[in-house]
Structures are given as C-alpha cells and as structure tokens.
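Participant: Only the shape, not the letters, is given here:
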C-alpha cells in the first residue's frame, strides 16, 4: 500500500547530482536498462524497476511512470528466504552424518562452516523467491524522492540500484540539516552543531517540544506567514532515553489525558522518538506517525473520503491528489521544524519558551 492506494509510509531523500538536458530520455533509459529481471538459476536475489501498479510491467511503455512533474514507479526485490531454524536443523543433520562417516566425535569449525554454506545453497535451489515491491515518487525538478519503505535493508538495496541506474546519490533528508534551511537560520544551526554541547538528538527534542506546543493552545499552533494550523497528538507516544543497548523506552497509549505517563517519562529525561499526529493545514486533514530520529512518515492517510474511481481517466488525478497529501504533511512539518529551531537558537528560549515548557510539564 502506498502512493497508488491505502496509507502511505515513506523515507524521504534528497537527490544529489545533475540530470542531463534530455532528462526524460535519460530517466527512461535508466528505468529500462535496470528493469527487474527474474532471479537467475542458481541465484538468490534479483532487484530492479517495475511499473507502479503492475509488478510484471518492466517495459514502461508510453512513459507510464510520468504523472505531471513526478516520476512514479516501483522497486521490486525478489529474494530466496531460508528460515534460520530450517537451516540450523539441516546443517546439524549433515554435520552428524559426516562425523559418523569419519568416525570422529567432533568436526572442525571450518568443516562446519563449509557444511552450513553447502546446505544453504541446496535449500536455496529448492525454494521459490519471495517478492517485495516498494513504491517510489521522484520529483527531478525539485531534487527530492520518497521511497515507500522505512526498513534499512530495502532502503540500502534501493539506494544501490538507484545510483547504478541514474548515477545520482540519495541522501536521507533531515529538515534540520543546514543545507535545507534559510541561510540565516542555517548559519545558526551550523554554529550550534559545532558547539561542545550539541547532542545530535534534534528530532527527538523537536517532537517533544511539538507536544508541548500542541497543548499550549489546545491543538492550535501559529506558523509565521501561514497562520494557525491544528495539530493534535493522538493515541500513541514512544519515549526513549539513550541509544542502542543502553536505551530505555516507554510506550504510552490513550487519548489526551491518558498520556500523563508520557509527561512522567519526560520528567525522567526521556524524549519522544515516535508519535501519532493529526494535523489540519488549510482544507487538508491528515494523520501520520512521525519517527523522530530519521524523520520518517508512517501510515500517512487523509481523514477526508477520497473517491476511489475505477475509470482509467481518473488514475492520474487520484495519484496526484495522494502525492499532494504527502507534500502537505512534509511541508507542514518542515515549517514546524524551522519554527522550533528559530525559538531554540534564540535568546528568548531560556527566558520565555523553557519556563513555559516546564510549567506545562508539571501540570
């Protein structure tokens, strides 16, 4: 489920590099040259591009991937997945058989390793590949791209395939990166990042501050130059302190007042790493889960009914509307990040914002 239908989850990238003058022809060539091909006999993995709505369409006839100024297609990756428990049992069985043949109670480690690899290859020959398809929305003009998955493995495979296809580099898009900020604010952020007190947890601090701002005016936040937007934290918060094996997490579920446990966790110096939000910007009412560390959008959907027309002539309009919802959510959150950074790096933070935050926290 994604840009074509259903809730949208995506990783956001900036696209580094320059397309040639004939950008449309270059993209068409890259898609067709690296289109998906079935896993070769004896192989274990294959990946490449397919059409958005048909994982078997690798011809891209009539530039079927072009929708307005967007290039929308899919990344398909087929892998032969061997269950670890199956591999372990088969390898142990083979080790026992060979040990009996040799008349030895124990095999050497290198022998066990070779047996395990041989068993893995034999099992791979018997198994069908498991397909996975991920949707992509790329805006070449504005140099950004949305990849319809949040997991590291598929993302790394996609990044590799994209670089091979188009000789362009993908970089995760973090809205607090100075490269994406207005110049005056970018200078302040760069200076703050170079200071000894920098913690590298900007996303968590932003999301924690955003919860406070959403409750300060009963779900209304004023964005300079835009006016008021509505933003409410919904039924799930994840708070965490530390990282890796030293991390401690608290998951809070419930509506509004039932999230008091979240405030208790904030008092213990935990910060929000994930939250379900509802926002209204203009006429668009959206819900999504925001993951703070990498600024990932999960299960983005609109609460307004969208007519799922079946006629082919409505296909492009429906898709562009769904891309519009994603762009609205992204733009709104980017503006909120800028607002947070402006306040955080202002002298008014210690004098005005921080005292209000502490008073809210103790309510």
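Facilitator: In hand now; what should we look at? Just so you know, these numbers come straight off a predicted model, no measurement behind them.
Participant: In the stretch 101-250 of the chain, what residue spans correspond to strands?
Facilitator: 130-139, 144-147, 169-172, 220-223, 227-241, 248-253 (DSSP state E, counting those that start in this stretch).
Participant: tell me the most buried of those strands?
Facilitator: Mean neighbours per residue, mean count of other CB atoms under 10 Å, is largest over these for strand 144-147, with a mean of 22. The way it works is simple: take the backbone N, C-alpha and C, and place the C-beta from them, glycine included.
Participant: Can you spell out which helices and strands pack onto it?
Facilitator: strand 8-16, strand 130-139 (3 or more CB pairs under 8 Å, 6 or more residues apart in numbering; DSSP states H and E).
Participant: looking at those, which is closest to residue 335?
Facilitator: Residue 335 lies closest to strand 8-16 among the helices and strands packed on strand 144-147, at 15.1 Å (CB to CB).
Participant: who touches the closest one?
Facilitator: For strand 8-16, the external contacting residues (CB atoms under 8 Å, 6 or more residues apart in numbering) are 1-2, 137-138, 140, 143-150, 155, 168-173, 179-180, 294-301, 322, 325-326, 330.
Participant: And stretch 54-68, by the same measure?
Facilitator: 24, 28, 31-32, 35-37, 48-52, 71-74, 76, 131, 133, 316, 319-320, 323.
Participant: let's see 10 Å
Facilitator: 3, 24, 27-28, 31-32, 34-37, 48-53, 71-74, 76, 78, 131-133, 136-139, 315-317, 319-320, 323 (CB atoms under 10 Å, 6 or more residues apart in numbering).
Participant: Filter those down to just the ones in helices.
Facilitator: In helices, judged by DSSP state H, the following of the contacts of stretch 54-68 are found: 24, 27, 28, 31, 32, 315, 316, 317, 319, 320, 323.
Participant: In space, what's closest to the fourth one - neighbours in sequence excluded?
Facilitator: With sequence-adjacent residues excluded and distances taken as CB to CB, 6 or more residues apart in numbering, residue 31 is closest to residue 49, at 4.9 Å.
Participant: Hmm, that neighbour is touching residue 162, no?
Facilitator: Yes: with contact defined as CB atoms under 10 Å, residue 49 reaches residue 162; the gap is 9.3 Å.
Participant: Please report the distance of residue 193 from residue 176.
Facilitator: According to CB to CB, to the nearest Å, residue 193 and residue 176 sit 9 Å apart.
Participant: the more surrounded of these two?
Facilitator: A count of neighbours by other CB atoms under 10 Å puts residue 176 above the other of residue 193 and residue 176, at 21 against 14.
Participant: so what's the more buried one up against?
Facilitator: Contacts of residue 176 (CB under 10 Å, 6+ apart): 185-186, 189, 193, 202-203, 205-206, 295, 334, 337-338, 340-341, 344.
Participant: From those, which land in helices?
Facilitator: Using DSSP H, the contacts of residue 176 in helices are 185-186, 189, 193, 202-203, 205-206, 334, 337-338, 340-341, 344.
Participant: Which among those residues count as buried?
Facilitator: Buried members of the ones in helices among the contacts of residue 176, scored by 16 or more other CB atoms under 10 Å, are 186, 189, 202, 203, 205, 206, 334, 337, 338, 340, 341, 344.
Participant: what's the overlap in contacts for residue 49 and residue 162?
Facilitator: Common neighbours of residue 49 and residue 162 (criterion: CB under 10 Å, 6+ apart): 30, 34, 75, 136.
Participant: if we can go back for a sec, take the helices and strands packed on strand 144-147 and lay them out in TSV including mean pLDDT.
Facilitator: TSV is the format used below for those (pLDDT from 0 to 100):
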stretch	mean pLDDT
strand 8-16	95
strand 130-139	94
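Participant: Format these as JSON lines; extra columns: distance to residue 236.
Facilitator: Shown next, in JSON lines, are the helices and strands packed on strand 144-147 (distance: least, CB to CB, whole Å):
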{"stretch": "strand 8-16", "distance to residue 236": "15"}
{"stretch": "strand 130-139", "distance to residue 236": "24"}
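Participant: In stretch 155-173, which residues are buried?
Facilitator: 155, 157, 158, 159, 161, 162, 165, 166, 168, 170, 173.
Participant: for stretch 77-97, same thing?
Facilitator: 77, 78, 79, 80, 82, 90, 91, 94, 95.
Participant: Over to stretch 176-183?
Facilitator: Using 16+ other CB under 10 Å as the test for burial, stretch 176-183 gives 176, 177, 178, 180, 181.
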